[in-house]
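[1] Following is a predicted model, sequence given first.
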Amino acid sequence: MHRVSIRLCQPPAIWKEFPHTLSESTDCNYDGAYSCLQNYDVGVFGGLGAGGQNIAAHRGLDLVMVTRNAGGTATLTTPWDLIRTALIEHDPVYAGDEDAFCKAYREGDHAPDLIPIP
């Protein structure tokens, strides 16, 4: 089975408008590595603790993953790599198509569980 690079299967946390309350930046400063044009503000974010205590939040998937004692080399993508294939298998649009899911999700064009607030 073809495995997509973990890094390429999650959207970066990008603010659509600058400056915003946390930054005086006037643009997203990615120099072409990522598009600043996303349909959904769904960036993945989290926190790393000592010894593999990690929390990763995927807003567009309504998913929060927590690891405990995952080891010193664990990252925010460690639990995502373990469950991603099963999650994609049941995705309402890209069921079983990891490449298509990862491309759409990474680019902020797919957020199946995001419920916009009017």
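    The structure has been received and is ready for your questions. Residues are numbered from 1 along each chain as shown.
[2] Look up phi and psi at residue 61.
    Backbone torsions of residue 61, given as degrees, to the nearest 10, read phi -110, psi 0.
[3] again, but for residue 100
    Torsion angles, degrees, to the nearest 10, at residue 100: phi -70, psi -40.
[4] I'd guessed it sits against residue 88; true?
    No. Judged on C-beta atoms under 8 Å, residue 100 makes no contact with residue 88 at a distance of 9.1 Å. C-beta coordinates here come from the backbone N, C-alpha and C atoms, glycine included.
[5] residues contacting residue 58?
    Listed by C-beta atoms under 8 Å, 6 or more residues apart in numbering, the contact partners of residue 58 are 10, 42, 44, 64-65, 80.
[6] what are the ranges of the strands in the chain?
    44-48, 54-58, 63-67 (DSSP state E).
[7] What strands flank the helix or strand of the chain with the lowest mean pLDDT, and is each parallel or antiparallel?
    When the helices and strands of the chain are compared on mean pLDDT, DSSP states H and E, strand 44-48 comes out lowest with a mean of 84. Strand pairing for strand 44-48, using DSSP bridges, gives strand 54-58 (antiparallel).
[8] in the strand it pairs with, what's buried?
    Going by neighbour count (16 or more other C-beta atoms under 10 Å), the buried part of strand 54-58 is 54, 56-58.
[9] Closest one of these to residue 74?
    The nearest member of the buried residues of strand 54-58 to residue 74, counting by C-beta to C-beta, is residue 54 at 5.8 Å.
[10] Once you drop chain neighbours, what's closest to that closest one?
    Among residues not flanking residue 54 along the chain, residue 67 sits closest, at 4.7 Å (C-beta to C-beta, 6 or more residues apart in numbering).
[11] And that neighbour, how close does it get to residue 13?
    Using C-beta to C-beta, to the nearest Å, we find residue 67 at a distance of 19 Å from residue 13.
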